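>>> the following block contains a protein sequence and its predicted model.
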Amino acid sequence: MTYTEWLREDRLPHIYCAGCGNGTVINCTLNAVDQMGWKKEETVFVSGIGCSSRAPGYIMTDSLHTTHGRALAFATGIKMASPDLNVVVFTGDGDLAAIGGNHFIHACRRNIDLTVVCMNNQIYGMTGGQGSPTTPMGALSTTTPYGSREPTFDLCELASAAGANFVSRWTSYHVKELTRAIHNGLKTSGFSFIEAAVQCPTNYGRRNKFRQVMDQIEYFKTHAVLQQKADRLREEGKPLPENSIVVGEFVHRNRPAMGVKR
Amino acid sequence: MRLVIDERRCKGCNLCTMVCPYRIFKQGSKPNARGIVVPELDRPERCANCRLQALYGRTLCGMCQMICPDQAISWQEEEKNEPRKVAIEF
C-alpha cells in the first residue's frame, strides 16, 4: 500500500497554485502516516483556515475543517473524547502563530498526544498576501509595502519552550527528511510539532525576487543550515550566515503526555 | 516500471526538473489542451527507480514523486518485452 491510496482522487487536481509547497507537505505527511500502518477509520485530520488547511479535504479519512486558529482546540476535544483516534493537525503560520497562538502554547503545555504539521509559507496566502508573524525582516507583502520591520516568531523555539515533546523543522525541499521527521513525530507520544517551510510563489515569491518556483526552492536548498552545524558555529563564537533557516530535530523528550492511547 | 506524468493534474511548476538526480525531466516546449506546459521526459530509462523498483520491491529514490505538489508523477507496470526505443550512451 502506498500513500496515494490515502488521497481522494476524485477531488484532484487540488486548488493550490502551480508550485505551491503545500502539496509536497501533503505527500510527506501521507507517506509518514502510511508507514505507521494506521487504519483510515482510526485517523482524523484537523485543520483551521487558510491555504494549508484545505489539505484534509483531499485526504480519504474523517476530517474537520474548523474556525480560524482553533484547529488545535478542536483536535484537543477529539483526543480527549476518544483517545484511541490518531489525530493529525494541518495548520499554517497565520492560523497557528497569529490567531491561534494562545491555543498553540497551551496545547504544548498540556502535551496532548497530537501531531501538528505547520506549513509555514511566511505570508497570508489565501487572503491576498498580508504580512504574518513569520514574515521575515525586510520582506515585502501587501501590508508591509516598504519591507517588514518586525521581528518574527521562531515557532520551533516557542514550541520547545512551551513544553512540546517533539519539535522539528524542515523545508519543502527536504522531502525525505521531512517524511522521517513526521514519522518520528507520529511515533512520539505527546505533542509533536513539525514546521515545514514551504514556498508561496503567488503571494510571497513574486513580491520578494523569487520569480520562478524553482528560485525559492533553490533558496531553501542553499540557506538551510543543519542544527548540528548551527550549534558548532555557536560554540566557536561565529555568527550564523544571514537569512539561514536552521533545520533539524530540535527536541525529542519524554514528558508526561495527555490523551495517550490506552 | 514506467514513469508517467498525469497531464490532468500537472500544473507545470517544473520542480521535478530541478530535483531529479538523473535529469530525466526537461522543461516542456508547448502547452497542452489545458494550456499548461507539462515537463517532457528525456530518456527516462536512465532512472534507476524505473528500472530496479520491481527488483527491490520498494521505491528507490522517488524524489520527483514526493516533491510533486500536484501528485502527478507515478509509476505504471509495463508489459513484459514491450518494444521501445532505447538510446545507448557511451
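Cool, the structure landed.

>>> distance check, the residue sitting nearest the centre point of chain B against A:G21.
Nearest residue to the geometric centre of chain B (C-alpha atoms, centre = their mean): B:L3, 4.2 Å. To A:G21, B:L3 is 22 Å away according to C-beta to C-beta, to the nearest Å. Placement of C-beta: from N, CA and C, glycine included.

>>> thinking again about what came up before, sec struct for the residue nearest to the centre of chain B, please.
On the three-state scheme (DSSP: H, G, I helix; E, B strand; the rest coil), B:L3 is labelled strand.

>>> how close does it get to A:L12?
Applying C-beta to C-beta, the value for B:L3 to A:L12 is 18 Å.

>>> repeat for A:E218
Separation of A:E218 from A:L12 (C-beta to C-beta): 27 Å.

>>> likewise A:R169?
28 Å.

>>> next one: A:C118
23 Å.

>>> so between the two, which is more surrounded?
Neighbour tally, A:C118 and A:L12, criterion other C-beta atoms under 10 Å in any protein chain shown: the higher count belongs to A:C118, 27 against 15.

>>> who's in contact with that one?
Applying C-beta atoms under 8 Å, 6 or more residues apart in numbering or on different chains, one finds that A:C118 lies in contact with A:52, A:91-93, A:96, A:155, A:193-196.

>>> in the stretch 101-250 of chain A, mark out all the helices, start to finish.
Secondary structure of the stretch 101-250 of chain A (DSSP state H, counting those that start in this stretch): helices at A:101-110, A:155-162, A:175-187, A:213-223, A:227-235.

>>> on the pLDDT front, check the residue of the stretch 151-262 of chain A found nearest chain B for me.
Nearest residue of the stretch 151-262 of chain A to chain B: A:V175, at 4.0 Å (C-beta to the nearest C-beta). A:V175 carries a pLDDT score of 94 in this model.

>>> buried residues, the helix or strand bottoming out on mean pLDDT in chain B. List them.
Least confident helix or strand of chain B, by mean pLDDT, DSSP states H and E, is helix B:48-56 with a mean of 86. Across helix B:48-56, burial judged by 16 or more other C-beta atoms under 10 Å in any protein chain shown covers B:49-50, B:53.

>>> which is the next helix or strand following it?
helix B:63-67 (DSSP states H and E).

>>> please name every helix or strand in contact with that following helix.
When contacts are defined as 3 or more C-beta pairs under 8 Å, 6 or more residues apart in numbering or on different chains; DSSP states H and E, helix B:63-67 packs onto helix A:22-36, helix A:175-187, helix B:15-19, strand B:73-76.

>>> where's that helix relative to the chain centroid, distance-wise?
How far helix B:63-67 lies from its chain's middle: 10 Å, per C-alpha atoms, centre = their mean, to the nearest Å.

>>> list of residues touching that helix?
With C-beta under 8 Å, 6+ apart, helix B:63-67 has contacts from A:24, A:27-28, A:31, A:172-173, A:175-176, A:179, B:3, B:15-16, B:19-21, B:25, B:59, B:73-75.

>>> can I get it in PDB, CA atoms only?
Coordinates of each C-alpha in helix B:63-67 appear next as PDB, following Å, rounded to 0.1, in the frame of the first residue of the first chain:
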ATOM      1  CA  MET B  63      12.200  12.500  -5.100                       C
ATOM      2  CA  CYS B  64      10.200  13.600  -8.100                       C
ATOM      3  CA  GLN B  65       7.000  11.900  -6.800                       C
ATOM      4  CA  MET B  66       7.500  13.200  -3.300                       C
ATOM      5  CA  ILE B  67       8.200  16.800  -4.300                       C
END
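
>>> what residues does chain A put near chain B?
Within reach of chain B by C-beta under 8 Å from any C-beta of the partner chain, chain A has these residues: A:2, A:4, A:7, A:12-14, A:16-24, A:26-28, A:31, A:172-173, A:175-176, A:179, A:201, A:212-214, A:217-218.

>>> not counting its neighbours along the chain, what's nearest residue 23?
Because you didn't say which chain, this covers chain A. B:P69 (3.0 Å; C-beta to C-beta, 6 or more residues apart in numbering or on different chains).

>>> sorry, should have said chain B
Nearest one to B:R23, counting by C-beta to C-beta, 6+ apart, is B:D42 at 7.1 Å.

>>> next, that neighbour: phi, psi?
phi -110, psi 100 (degrees, to the nearest 10).

>>> give the burial count for it, as a bare number.
Neighbours of B:D42 (other C-beta under 10 Å): 14.
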